[in-house]
Structures are given as C-alpha cells and as structure tokens.
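**Q** Take a look and give me a structure for this.
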Amino acid sequence: MTAEPIVSVRGARRRYGDFEAVRGVDLDVHRGELVALLGTNGAGKTSLVELAEGLAPADAGEVRVLGRDPYLERHLVVPRVGIMLQEAGFSSDLTTAETVGMWAGTLSRPRPTAEVLAAVGLAHRADVRVGSLSGGERRRLDLALAILGDPEVLFLDEPTTGLDPESRQATWRLVRGLLADGVTVLLTTHYLEEAEALADRIAIMQAGRIVREGTVAEVTAAEPARIEFAPRDAAGRPVALAPADLPPLAGAAGAASVERGRVRVRTERLQDDLETVLAWARGRGLRLHELEARSASLEQAFLALADGALAGDAADHQEVTA
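**A** Down below sits the predicted model:
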C-alpha cells in the first residue's frame, strides 16, 4: 500500500480579485521525494507553493502538509518545515552568525549555528556583516535558515539564483543529502538543468494548471528525439543535401530540415531511424561529421509546452477580436 503523501494538494484554487492564479491543481509529494515545479513567470508556481507553505488559504480545494492544514494548523506544521523564499529580509547590521543565532531563537530544536553555516559554505563568513555579503552568499544564508530547524519538509523557491556554478553544485549536494535522510522537498526553479539533476518528478504549470507531470523521462517522452549531422564526402568536403535526399524514416515523416549544411531530423523512433541513416550514409560513401543522436531534453519539452500555450493564447485573442 502506498504511503500517504507528505504534501497533498487536491483541487486547489487561489484568486487575487478576479484573477485566478491557481486553477484546480492536484499534486502529491511523498517522503524523501523531490518534486520540481516548473513554469514561465506568472504560471502560478509561487502562488501554489505559498498554499503549501501555509502563507495563504486556498479559495477552494484542500491542502495538507504532514496530514494537516498548513494555514489553519500553522502552529503545528511550521516547526516541522523549512522555507526558503525567493527573497528574505535580513538586517544588514548583524553578522552572518548573529542572523542564524537570532533565527535559531525562534525554533524549538535548532541545529548548531557553526554546523549549518559549514553546510552551506559560509563558515568563513560567520563574522561578516550581512550587508557585506554578496548576492550569492545571501542566498546561501537563506538556505541556512531553511535547514536550521532540521525540517521534515523543505520548500525551496529558486534556491540557486545568483550562485556561481561551484556554489550551485554544492547546494545540489546538500539537497541530495537531505533527500537521502528522508526530507521531502518541493522546489521551484528556472534552471531546467537543476530540475533534471535533482527531481524525482517534474510538474510543469501553465496559466494556473499543471499541464504535464512525471519523471524527466515521462515528461520528455511526448517530444521527438533528434538526429543531427553535417554530411561530408570521403575527402571531408561538405555535401549539399535536401530533406528529400534522405532515406524514408520510420518515425520522422516530414520532420527533417537542412540549415547551413547541417541536417536535422526529429523522430519518434530514434534507434530505428539512426540505424537507417547510418546505413544510408555508408551506401553513399558519406561521412556524418559532428553526428549527434539524443532523446528529447527537458528544455525541449518545456519550450514546446510554452510555445503551445502562446499559440493557444493567440488563437483565443483572434476569436475575441474577430
């Protein structure tokens, strides 16, 4: 029997006046799982996460965190969760260690300040005033406060914005360690590679709804794979080809193009069509320079959904103005 989800959202709606930011969303996050919530600006990600954090009540539907209503029973939920907002307000006059110590005073069982600062790579900045920290260092301080109470559930809203690549990798290692310890994480991010690196499941939002959900493989499965190459003759000279010159491909009818001498094929049957292309090239004595064959990426799936949404908005606008 599947365990009850740690975060459970059922038919959640949230309005701002006449605007509905969250429109009947269902979402589960189980213990030790990281779900990444993706979407363009205005898709409703932050509004949905704020419902789960208990920062606002749902206008309809049900939200549960650790089996409780995070808004009405906030006093029971807050001690067991950590929240990293997009931007937190710090006193610029306090040092890094003083800031963590002050926040620790609000918690029943805080982790040692030195331990938490070491975990986020700020031990060497403990005595530096917050006003002197860089933007990336302040972001790491946000994370330190989020994990200070040793939470069972962690909400991360754009956690690595402003971090350099090394600090981003360090944050990923920290999050993976928390997951291994059974912490449940709901993450919002604009870095698709971050979602691919960390997430057990992806949920993509558009216009207040989740439009695609699943593992990275499941989310990208709806998009075609790609084969790309630059044809060369035996002497290494470029060969001019048109899409019609390619052999019949099982999963790529009408999905081939040639741009600046590079052939691009979109296919639903990557292995079959790659074998066909290789055999065709051997038969014609061609070399496939810079050959690439890869499944669809999360970026490709995300952009396809975004383009579809824009096309739908344009069609709706034409209907209204016609």
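**Q** Could you use CA atoms for every contact and neighbour count after this?
**A** Fine.
**Q** Poorly predicted segments of this structure, please.
**A** Applying pLDDT under 70 to the chain flags residues 1-2, 88, 252-254, 308-322.
**Q** Which parts of it belong to which domain?
**A** Following automatic domain parsing, one gets these domains for the chain: 7-220, 225-295.
**Q** The longest one: end-to-end distance?
**A** What that stands for is domain 7-220. End-to-end distance of domain 7-220 (C-alpha to C-alpha, to the nearest Å): 24 Å.
**Q** Find the nearest non-adjacent residue to residue 158, please.
**A** With C-alpha to C-alpha, 6 or more residues apart in numbering as the criterion, residue 158 has its nearest non-adjacent residue at 4.6 Å, and that residue is residue 189.
**Q** Quick check: that neighbour vs residue 246, distance?
**A** Relative to residue 246, residue 189 is positioned 40 Å away (C-alpha to C-alpha).
**Q** Okay, strands next: where are they in the stretch 1-150 of the chain?
**A** Remark: strands assigned in the stretch 1-150 of the chain by DSSP state E, counting those that start in this stretch are 7-16, 19-29, 34-38, 60-65, 81-84.
**Q** Single out the most deeply packed of these.
**A** strand 34-38 (a mean of 25; mean count of other C-alpha atoms under 10 Å).
**Q** which residues touch the spatially closest residue to residue 296 that is not a sequence neighbour?
**A** Spatial nearest neighbour of residue 296, excluding adjacent residues (C-alpha to C-alpha, 6+ apart): residue 225 at 4.8 Å. Applying C-alpha atoms under 8 Å, 6 or more residues apart in numbering to residue 225 gives the contacts 266, 267, 268, 269, 270, 293, 294, 295, 296.
**Q** what bridges to residue 225?
**A** Residue 225 forms beta bridges with residue 267, as assigned by DSSP bridges.
**Q** all helices of this structure, in order?
**A** In the chain, the helices defined using DSSP state H lie at 45-53, 74-77, 96-104, 113-119, 135-147, 165-180, 192-198, 216-220, 270-283, 298-321.
**Q** And for residue 134, the neighbour number?
**A** For residue 134, the neighbour count with other C-alpha atoms under 10 Å is 12.
**Q** And it, its phi and psi?
**A** Phi and psi for residue 134, reported as degrees, to the nearest 10, are phi -70, psi 170.
**Q** before we move on, back to that, now distance to residue 46 and neighbour count too, for the contacts of residue 225, in CSV please.
**A** Output for the contacts of residue 225, formatted as CSV (distance: C-alpha to C-alpha, whole Å; neighbours: other C-alpha atoms under 10 Å):
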residue, distance to residue 46, neighbour count
266, 34, 23
267, 35, 25
268, 34, 20
269, 37, 16
270, 37, 22
293, 36, 16
294, 33, 12
295, 30, 19
296, 27, 21
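**Q** nearest to residue 70, of these?
**A** residue 296 (37.4 Å; C-alpha to C-alpha).
**Q** Verify the contact between the closest one and residue 226 for me.
**A** Yes: assessed by C-alpha atoms under 8 Å, residue 296 is found in contact with residue 226 at 7.0 Å.
**Q** Using CSV, write out every CA atom in stretch 61-69.
**A** What follows is stretch 61-69, C-alpha atoms only, in CSV (Å, rounded to 0.1, in the frame of the first residue of the first chain):
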residue,chain,number,x,y,z
GLY,A,61,-9.9,22.6,-2.7
GLU,A,62,-7.7,21.0,0.0
VAL,A,63,-4.1,21.4,1.0
ARG,A,64,-2.4,19.1,3.5
VAL,A,65,1.2,19.1,4.8
LEU,A,66,2.2,16.3,7.1
GLY,A,67,-1.5,15.5,7.3
ARG,A,68,-2.6,18.9,8.5
ASP,A,69,-3.9,22.1,7.0
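**Q** CSV please, covering the contacts of residue 225 and showing distance to residue 39.
**A** Output for the contacts of residue 225, formatted as CSV (distance: C-alpha to C-alpha, whole Å):
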residue, distance to residue 39
266, 24
267, 26
268, 25
269, 28
270, 28
293, 27
294, 24
295, 21
296, 18
